[in-house]
Each structure stands twice: as structure tokens, then as C-alpha cells.
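1. Structure, please.
(2 chains)
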Amino acid sequence: MNPIKNVDILIQQTSNFAEGLGEESDFRKEVSQLHESLHMPCVLAVAGRVKSGKSSFINALMDTDLAMVGESETTATINIFRYGTPNNPDRPVTVIWENGMRADVSMDFMKSLQGHDEETLAKASKIAYLEIKIKNELLRNITLVDTPGTDAVVGKDGDEHQQITERYFGLRQKHRRQTDDFVNRADAVIYLVGAVGTSSNRRFLEDFEDNTTNLSALTAIGILSKVDVDEELLKRRDEQAAYVAQSMKEHFYTVVPVSAGLHVMLNTFDLAQFQSWQTIWRTVPQKAFNYLMRQESMYMTEREDIIAALWKDSDEVPLTLEQRRSLRADMPWSLFRTIANALYSHTTIEEAMEELNAIANIHQVRKVVTEQFVHRSQLIRCYRILKELKEKVMQMRRKYDSDQHVKDEIVKGLIIPIEQLQLNVEDYDQRYRFLRALQEDKEKWEQDEYEELTRLLGLYGDEDRAGLTLSDERRVYWQIKSRRYIDKRMREIAQYISENF
Amino acid sequence: MSTIGIDFGTSFCSASWVNPITQKPESIIFNETGTVKIPSVIFFPESGEPQVGLGPYQQIESCGGFTEEQQIPILKNTIQSIKRKMRPKGVFRVNGREYSHVEIVAFILKKVKQQAEMSCKFQEPVGKLILTHPVVFEEWKKEMLREAALNAGFDEVTLLEEPVSAAIGYIRANQLEDAQGILVYDFGGGTFDIAYVRICEDGSYKLPLPTRGLASCGGDDIDMALYMEWEQRSQKEYHRSICLNKGELDLGFLSRCRKHKELLSNMPHALLSEMLPYMPGHELERIQMDVNRQDFNRIIHDVVQQTMEQTAMVVQDIKAHEMPLDFVLLIGGSSRLPLVSEGLRKLMPSIKICTTGAVDTAVALGATYYHMDSLSQHRQKRGVPGFCIYCGNPLTSLDRQCPSCGKDNYIYMSQHESH
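-> Numbering: from 1, shown residues only, chains lettered A, B, ... in the order given. Predicted structure coming up:
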């Protein structure tokens, strides 16, 4: 469900309808005000350990290369990406200093803040945040906040970064005192985790929750990043994501496995390029392919005798080192291997690209972020706006009390769609509240019940929830429970489950 | 064509008709149940026609003692509380077939119609339906009701808000036509609704203020409050829960609490005694409760208080808009609780509290009064104005002779608009 979009459509329809009826412009003005109040972007912070692939992730998410991806991969400041056009195109970055002063600077200034030397950090510590305005579709609904990496393990520099990140999340109280600038308040957070839910990841989130009052697992998404690094991980990425979600379920709404680097590669080259690579790969015998893919040094081997042996049983001409280098196209080894594997194992380019997109999985993050997540914090707003809209439409209907035709049109064309959307929004919010209740009273449920309920209500719900149904046995089970639980809220949850799945 | 009124309820339906002998609206007593109610429950057997009403209801009630496995074939083919579960384009999958929510509602309305026809001697076939619904019922739900009524074999359907129906029924049955505004307090088995009904000078009924309510607050919560009281005693005396399963209710004991509630509503003082469910290794354990009205009120206070808070908000609205309030009408089974009247008296000391013996059928009965009124209004619209053309004083739609100046009004004039 996309409530914002649907509310918007209804507002537009109401406005058109009113215009058709020749309603005064006042009425339409009020309706268009509803439209504006609907579109306030949410603030989404991206956090993660140093080298967790945060900047690549942000780039992939926005399909730009604005977040700096360097060897050092260290953003020492808080960078806020906002929708808009910069005042000065040559100085697209605004620095907001700790003392409240603002200055427009060039991208080079931002680049100079990459690194973990004392000088950079000292400079960064005087900066409250950087603000970058860009016209990016994603940013229409979300203001993205890139935070410095956190990691207590990497030593001094890491500690410093951790401090800055903590400072950011502590900034909110300070900002509340100093200015009425609430822009930095994060409505939600994306946290990049490694393949295993480590204790340092978990500790970070705990601190994180302590410092932020309105954030809980329901407003945090985990990203299992760089799934391409290891072939084994790549194969079992969904399993790993489920494992991380399971072991950190107090913290994450869902965990999505991604390869941001692969996403960037998929956008760097065009389809024809992938197709030509596939044509070449498809000529390579299985044995040779397996050997070449085993590791980078084997792929780049200069020993022609080995290559000749690999192609021994084949009519095809072996790949020369030059050809292999060209195929590699300067990609990082793990990304190259992932792409080569997909191209080789599928007969058509469409199938191969489908698999690669599934591995990159950035579309899934966007889907979770927008559909299940950002909209959640906008639900209450949607609900209020729908209610106002319905009242306005009812007012309009009353004016046409004697005209049955117009009345029917208003009921069928506007009121019923508004009500149905209200129902969806309520239902969505209901599930959210039940999830929260579930987490608060986790110990009251049996382990398997808890897991079933969280799956149904969508805690790890990045799958399409529309298809979720219960067997007759389970539905009856919950129906019976809905009468038997002593706890009223538990009865309500059981009832909801038995009636809605 | 004969007309019936139906109050389509979450748990039960009731209905009314015009008794041709007395020419007055009456509640229908159904042959099948011997009461004024038909359960809104449907059972789909593996083969054959769906069954509605008492049979499926009794089947559900009696399966509490079965194991879960035994309950599955019954529960999975039974649909209860469709009124609450209605969804746009909603369907139930039963026995490999899909039934739309409209069809389910239609099954129930059809059953009520059939039962009405079997129980009453209508002079003409029943073709017209006045169907009541909650004030807050969305338009799509109303559309579904209309469609279901047509599917059920009615030729014509008029929808009417529940509190309006109750108000009309009470006013007409008790000849209180000079009332200007009444508050309808509807406290049922699972829900609570409070609505202010304004009787306009032209005799029409309006809901000028937002209605309020609680989607899950009713008699069931009162039963639960009593259960929890027993639970406390059980813990104190025997250090055990009533139910043998941790965190669960003993449904048999809960139904005993319903009996206690009825007893305590009628008796200012009662000694209650119950056996706790047998726990292996324990003696038979008996607990007792000596309850006077004060104790009873304390036990159910929190539940009733919620309804009082909602009522207080509507009363505030009435005052803020300087609207007339003649009396409070209590309907719904749980409005029989003595604490309800007590609480309302405290809230509005100067306002009369009206109860009716027919708390369960007030809504259905009103629907038939509404039907009669609309017929007479229809007749009179041609001849009688909303106010006396000689002296200007308001006339009710039923009067021809002006009560103020005594002159007869025959000329049609446009009706008064009032708020």
C-alpha cells in the first residue's frame, strides 16, 4: 500500500470533482492545502560501522555518486541530503557550524572531510552538519542523513567516529534548545550490519535507542551489506538476513541483504555490454570457468599451458589474458565474479540480469523504506488528512441533497474510496500497534506463537504480505485463543489474526 | 407489500412489523427461537445449504468442551460477527467455495425474513425492509447492506441509523412527540455507542453532533471484570488460577460470571458460590463471594466509567451548542446494570433517565415506527405545513389542527428547516 500516493489521488479527484461542479475556489484552495501538508519529507538516518559500505549504499539508494566513496570510506561529518536546488551551483554544499553559522561551500570542501587524521576530525568536530540539496526523486519523500561510521574495534579513529555519531544522535536535544530547527530529527534509521549480528552492532543499537526516544525496532531497518564479498554468503544471503533478523529482532523491523556495489555496476554498464560479455562467457567450457572463478590470481594467470589444458576438450578458442582483462573491466573481484557467474549460468540475458538485480536488491530496500516504513510515520498524517477530506466532501454532498445523481456520484466516486483508504490506513496502523504490543509483552507468548505473529504482522515482512494466509487449523487455533486469553490485548491480537489471514 | 424492520446486530438480529390487528408496531417473536432474537451466525455444512441462526449458534456454544481438533471442522465452517468483519470486496473461503461478505449478510437477512414470515401472519408478501445500522457505518458498508437486502429477496430497502430508530420507537410508543432532543445510550454485548438525536420542528430526526463510542467495551468486559475478581480470590485462597492453562480463561467459568452479572443486576445483595475447575492432585476447591451492590459497582466500575467518559463528552457538546435535552434513553443489554443509571444521574442530575423493557428490541421496533411515520408524512406532505399558517407556531407532521390556535391547516407549504 502506498497511502501517500492514494491520498494524493483522492485529493486530486476531489479537487477535479469540485471544479466540475463549479465549487468556489475557496473550497479547492482548502483541498490543495491538504495536498501540501501531505508532502513533508521524513528524516531517515543511515548508520553503520566503518567500512560497512555505507556510502556506496547511499549512492545506490539515490542512484547518484554524491556520498564519497573513498579508499578510506570515512565520512567524518553528518551529511544531510535534501530535495531541492542549491542556491549556488558551484557551492552546492552548506556547512552548518556548531556555532550556528552557515556557509555555502564547494564539493571539494566535503571531500576534504574524508579521512581519519587528527586534522580532519578536529575540523569536522566544529561542524554541526553539512547540507546538500539535490533534485533526486527519492528525496522528495525522504531527507537522508549520512552519519559517520561507528566502530569501537578499529581503535582511536573509530572511537572518534563513534563519538561524532553519538553526538549526532544527541544533537537532537541540543538543537531543540538552541534552535527550533528540527530537521535533524530522525524518524527512522537504516543500519548496515555485517554478515553476523555481532555484539558491537548490538551495543551500538542499544545506545542508539537510549539516545533516541521515538525510535524502536519498528523504525529501524537492517541492511546486510556487501553480500557479494563471499560466494558462500551470496548463496545463503536470505538465510543470513533471516538469521540476523532473528538474532536482533528487538532492533530491526526487517533485514534486507544487498550488494550496493553490484547495483552501481549494473547502472555503470548498459545491457548491450552485459549481453556481449554473456556471449563470450557462454563459449567457455565449464571446467575452465570453474577454475578461473576460483580466485583472482587464477583468473589472471599468465600460464598459457593451464589455459590450453582447460580448453582441451572444447572447440572454442581459449580466452587470452588480454580478453580476460577486458572482461574484468576494472571491477572489484567479488563484483566481477558475481556478474560473471550470473551471466554464465543463465542462457538468456534477461534471466541473468534478473538474478543480478535480485542480488543487488536495492529496489527491495527502496520498497521497504517507502512502503513499509516512511509511510508508517506518515500514516497518522494521512489519517488526519483523510478525515478532513471526508468532512469536506460530506459538506459538499449536503449541498446537493436534492440532486440524487450528484449525490450518488459523490458517494461512489469520492466518499467510498476515501473510506476504503481510511480502512487501509487504520488496518496498517493497527498492525503496527499490535507489533509494538507484541514486543512489549514478548514473554507472554510462546516462542512459536511469537514468531508466527511477527511474521504475519510484518516484523520481518519484506515479502509481499498480500499472499500471507493461515491454514484452517491455524485460523481456528487463533480463533479459540481469541476467546481464551486472559489478557485483553492478547485476545484482540488473536482475534485480528484469525479474522484477517 | 408488507414491511419489516430489522436490527442487524453483531451477535443477534431482531425484527419488527405492524400487527394488522392492533395497527401498531410490534417486535417479532420468532418461532424458531421462541424469543425476539435470531443469532447472526452461519454454518456451512460440507454439503447442503448454509444454516443460519439458532442451530449454528448452539453448535458453537457447545463446542467449548471439545479438543481443538474436534473444534476445527465446526469453527472453520462457521462465521460469526460478520457485521464487525465486513470488508470491501471481502470474501470467506469455506469448503472450497468463496462467499462474499454481501452474500453472508444476505443469508442472515434472508433467514430473518423467512422466520418473520413463518412467525407472523402478514397479509401481503414481505417486500420492504427498514434496516438499521450504526451511525458511524461507512458508505461502502451501507452499500453492502443495500445489496445484501436485495439479494435476500427484499424489493426495497431503507437504511436508518440505530440511535435514530431507537429514539423514534421510544417517542412514538410512549407518545412523547413534544421531545426535542434525546441522548441514546446504547451499551451492548461488545460495543458502546452514545448519540444525541435532535427532533426537529418538522418532525424529522437528526444527528447534529458527532456520535461517540467504544468499539470494544460491553457486557463481555463486565463478565471479564467479574472473572478477574474471582481470579483474585482463587489466587488468595488457593494460590492457583481458575483456569488450568496458564494465561488463559476458563470459558465455562466465564459463562458463570455472566449469570452472576444478571443476578447482581437484579439483587442488591447476593451470596455467590462456585467450584474451581478440578486440578489433579488437589482437593475440590470451592470459592465464595458475598457481594452487595457497592461491591458489584466497584468491580465493574472501570468498564462503566469508560462509557461515562464518552457520554460526558457528548453532553459537553450538547451544552456548548445550547441544544435541548429532554431525556436519556437506555438501550442494549448492558444498560440494565444499575451502575449505568447511577453514573448517568451523577453526570446529569436534572435529566430524566428512561429505560424500556425492550432494551434488546428498541432499535428494531423503531424501524417499523419510522416506516409508519414516513407513510403518514408522505400522505400529509400534500396537506399539512411544518408550521401553522394562521398563527405561525410549529406543527408536528401528524397534526392537522394547530395545537396553539386550533385552526385546521390544509394548504401545502414548504417545511421548516431547523437545526
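2. Return the per-residue confidence for the one residue in the stretch 51-200 of chain A that gets nearest to chain B.
-> Nearest residue of the stretch 51-200 of chain A to chain B: A:Asn141, at 26.8 Å (CB to the nearest CB). Placement of C-beta: from N, CA and C, glycine included. With respect to pLDDT, A:Asn141 scores 77.
3. so A:Leu343 touches A:Gln278, yeah?
-> Yes - with contact defined as CB atoms under 8 Å, A:Leu343 counts as touching A:Gln278 (4.2 Å).
4. what's downstream of the helix or strand bottoming out on mean pLDDT in chain A, the next helix or strand?
-> Ranking every helix and strand in chain A by mean pLDDT, DSSP states H and E puts helix A:156-178 at the bottom, with a mean of 48. On the C-terminal side of helix A:156-178, the nearest following helix or strand under DSSP states H and E is strand A:188-193.
5. on contacts alone, who are the packing partners of that next one?
-> strand A:42-48, helix A:54-62, helix A:199-211, strand A:220-224 (3 or more CB pairs under 8 Å, 6 or more residues apart in numbering or on different chains; DSSP states H and E).
6. for the shortest one, packing partners?
-> When contacts are defined as 3+ CB pairs under 8 Å, 6+ apart, strand A:220-224 sits against strand A:188-193, helix A:237-247, strand A:254-257.
7. Give me the buried positions along the second one.
-> For helix A:237-247, the neighbour count (16 or more other CB atoms under 10 Å in any protein chain shown) marks A:Arg237, A:Asp238, A:Gln240, A:Ala241, A:Ala242, A:Tyr243, A:Val244, A:Ala245, A:Ser247 as buried.
8. In a markdown table, list these along with pLDDT and distance to B:Arg146.
-> Shown next, in a markdown table, are these (pLDDT from 0 to 100; distance: CB to CB, whole Å):
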| residue | pLDDT | distance to B:Arg146 |
| --- | --- | --- |
| A:Arg237 | 86 | 52 |
| A:Asp238 | 85 | 48 |
| A:Gln240 | 81 | 53 |
| A:Ala241 | 83 | 48 |
| A:Ala242 | 79 | 47 |
| A:Tyr243 | 78 | 52 |
| A:Val244 | 77 | 51 |
| A:Ala245 | 74 | 46 |
| A:Ser247 | 70 | 53 |
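9. TSV please, covering these and showing distance to A:Ile132.
-> Converted to TSV, those look like this (distance: CB to CB, whole Å):
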residue	distance to A:Ile132
A:Arg237	31
A:Asp238	34
A:Gln240	33
A:Ala241	30
A:Ala242	35
A:Tyr243	36
A:Val244	30
A:Ala245	32
A:Ser247	35
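10. Excluding chain neighbours, what is closest to B:Gly169?
-> Leaving aside its chain neighbours, B:Gly169 sits nearest to B:Gly366 (2.9 Å; criterion: CB to CB, 6 or more residues apart in numbering or on different chains).
11. For the one you found, what is the enclosing helix or strand?
-> Using DSSP H and E, B:Gly366 sits in helix B:362-381.
12. mind listing what A:Phe27 touches?
-> A:Ala18, A:Lys392, A:Met396 (CB atoms under 8 Å, 6 or more residues apart in numbering or on different chains).
13. ok, so of those residues, who is nearest chain B?
-> Ranked by distance to chain B (CB to the nearest CB), the contacts of A:Phe27 are led by A:Met396 at 13.8 Å.
14. Mind listing what's buried along stretch A:19-29?
-> Applying 16+ other CB under 10 Å to stretch A:19-29 flags A:Glu23, A:Phe27 as buried.
15. and the end-to-end length of it?
-> 11 Å (CA to CA, to the nearest Å).
16. Least reliable of the helices and strands packed on strand A:188-193 by average pLDDT, please.
-> Among these, helix A:199-211 has the lowest mean pLDDT, at a mean of 57.
17. can you list the residues of chain B near chain A?
-> For chain B, the residues found near chain A under the criterion CB under 8 Å from any CB of the partner chain are B:68, B:71-72, B:75-76, B:85, B:87-88, B:138-140, B:143, B:216, B:221, B:224, B:231, B:243, B:245, B:247-249, B:251.
18. Out of those residues, which sit inside strands?
-> Of the residues of chain B next to chain A, none are assigned to strands by DSSP state E.
19. returning to that earlier point: let me see the contact set for the residue of the stretch 51-200 of chain A closest to chain B.
-> By CB under 8 Å, 6+ apart, the residues touching A:Asn141 are A:Ile4, A:His39, A:Pro41, A:Cys42, A:Thr370, A:Val374.
20. ok, of the residues you listed, which come out buried?
-> A:Ile4, A:Pro41, A:Cys42, A:Thr370, A:Val374.
21. and which of the contacts of A:Asn141 is nearest chain B?
-> A:Ile4 (20.1 Å).
22. Now the closest one: which helix or strand?
-> Here A:Ile4, judged by DSSP H and E, is contained in helix A:3-20.
23. Would that helix count as contacting chain B?
-> No - figure legend: helix A:3-20 not in contact with chain B (CB under 8 Å from any CB); closest approach 13.6 Å.
24. Measure how far the strand or helix carrying A:Lys123 is from the centre of its chain, please.
-> Assessed by DSSP H and E, A:Lys123 sits inside helix A:118-125. The chain centre lies 30 Å from the centre of helix A:118-125; the measure is CA atoms, centre = their mean, to the nearest Å.
25. So which other helices or strands are in contact with that helix?
-> Other helices and strands packing on helix A:118-125, by 3+ CB pairs under 8 Å, 6+ apart, are helix A:156-178.
26. Residues of chain A that sit close to chain B?
-> With CB under 8 Å from any CB as the criterion, chain A meets chain B at residues A:411, A:415-416, A:419-420, A:422-423, A:444, A:472-473, A:475-477, A:479-480, A:483-488, A:490, A:492, A:499.
27. Tell me which residues touch the residue lying closest to B:Glu161 once chain neighbours are set aside, please.
-> Among residues not flanking B:Glu161 along the chain, B:Val135 sits closest, at 4.9 Å (CB to CB, 6+ apart). B:Val135 is in contact with B:Glu161, B:Glu162, B:Pro163, B:Asp193, B:Ala195, B:Leu207, B:Thr211, counting by CB under 8 Å, 6+ apart.
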